[in-house]
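Engineer: After the sequence you'll find the predicted model.
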Amino acid sequence: KNQVEQSPQSLIILEGKNCTLQCNYTVSPFSNLRWYKQDTGRGPVSLTIMTFSENTKSNGRYTATLDADTKQSSLHITASQLSDSASYICVVSFTGGGNKLTFGTGTQLKVEL
Amino acid sequence: DTGVSQDPRHKITKRGQNVTFRCDPISEHNRLYWYRQTLGQGPEFLTYFQNEAQLEKSRLLSDRFSAERPKGSFSTLEIQRTEQGDSAMYLCASSLTSGRADTGELFFGEGSRLTVL
């Protein structure tokens, strides 16, 4: 069964600090991996999309890495801001056409003063 | 605003009533998805359309749920005889995808939150 597991489930950090969120997946055959940010009560917003040939991608203070061999991805947030408080969801797509998106349950990040 | 829009944003209804949600995708997008999300969980796939054709339905989509995309543009999701367990956020997303690969970036709407009393 295709699965996406994220850790930690929740995280509290101080403003200005860095943090790293983890995503492990068992999806196969792999197509691409996406990270989304979801503010409370809002729809998810795409941060990065990586195919198996990419091992890092940045979007401002967000940097995602991918190790397709170990089936692991991480999302690193640099110099956190209060507005980074949100749920971060890892989504993995596998090949074969049709809907093949498997969502993780997300990491709830809270940035405090 | 050229993003994905959903209506209504919030709906409170009594158990047993029918509700309908509407989604207007980004205009040139050929794929439209419906997801359900409960508190603390990631979105769960319900169904998706390629243009007007409904290509896949999750087993989560019971007989009380029906979705349409009659002209390949907007879509509706109807829930009949609502139950308290239907309370959730219903998210719509759209993408522009070619061929069979699902590599198009997914754009989500703000969701329709349903509360069944």
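Structural biologist: The structure has been received and is ready for your questions.
Engineer: How about the residues of chain A by chain B?
Structural biologist: A:4, A:31-32, A:34, A:36, A:41-46, A:49, A:51, A:89, A:91, A:93, A:95-101, A:103-106, A:108 (CB under 8 Å from any CB of the partner chain). In short, each C-beta sits where N, CA and C put it, glycine included.
Engineer: Type out the PyMOL command that picks the buried ones from those residues.
Structural biologist: To isolate the buried subset of the residues of chain A next to chain B in PyMOL, counting by 16 or more other CB atoms under 10 Å in any protein chain shown, use the following:
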select buried, chain A and resi 4+31+32+34+36+42+43+44+49+89+91+93+95+99+100+101+103+104+105+106+108
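Engineer: Which ones among the residues of chain A next to chain B map onto strands?
Structural biologist: A:4, A:31-32, A:34, A:36, A:45-46, A:49, A:51, A:89, A:91, A:93, A:101, A:103, A:108 (DSSP state E).
Engineer: Among those residues, which one sits closest to chain B?
Structural biologist: The shortest approach to chain B among those belongs to residue A:103, at 3.6 Å (CB to the nearest CB).
Engineer: Report the contact partners of that closest one.
Structural biologist: A:4, A:89, A:90, A:91, B:42, B:43, B:44, B:45 (CB atoms under 8 Å, 6 or more residues apart in numbering or on different chains).
Engineer: per-residue confidence at it?
Structural biologist: pLDDT recorded at residue A:103 is 91.
Engineer: what do you get for residue B:98?
Structural biologist: At residue B:98, pLDDT is 74.
Engineer: same check, this time on residue B:40
Structural biologist: So, for residue B:40, pLDDT stands at 86.
Engineer: That one touches residue A:89, doesn't it?
Structural biologist: No - under the criterion of CB atoms under 8 Å, residue B:40 is not in contact with residue A:89, lying 11.7 Å apart.
Engineer: Please enumerate the shared neighbours of those two.
Structural biologist: Counting by CB under 8 Å, 6+ apart, the residues touching both residue B:40 and residue A:89 are A:105, A:106.
Engineer: circling back: ok, the contacts of residue A:103 vs residue A:75, which is closest?
Structural biologist: For the contacts of residue A:103, the residue nearest residue A:75 by CB to CB is residue A:90; the value is 7.6 Å.
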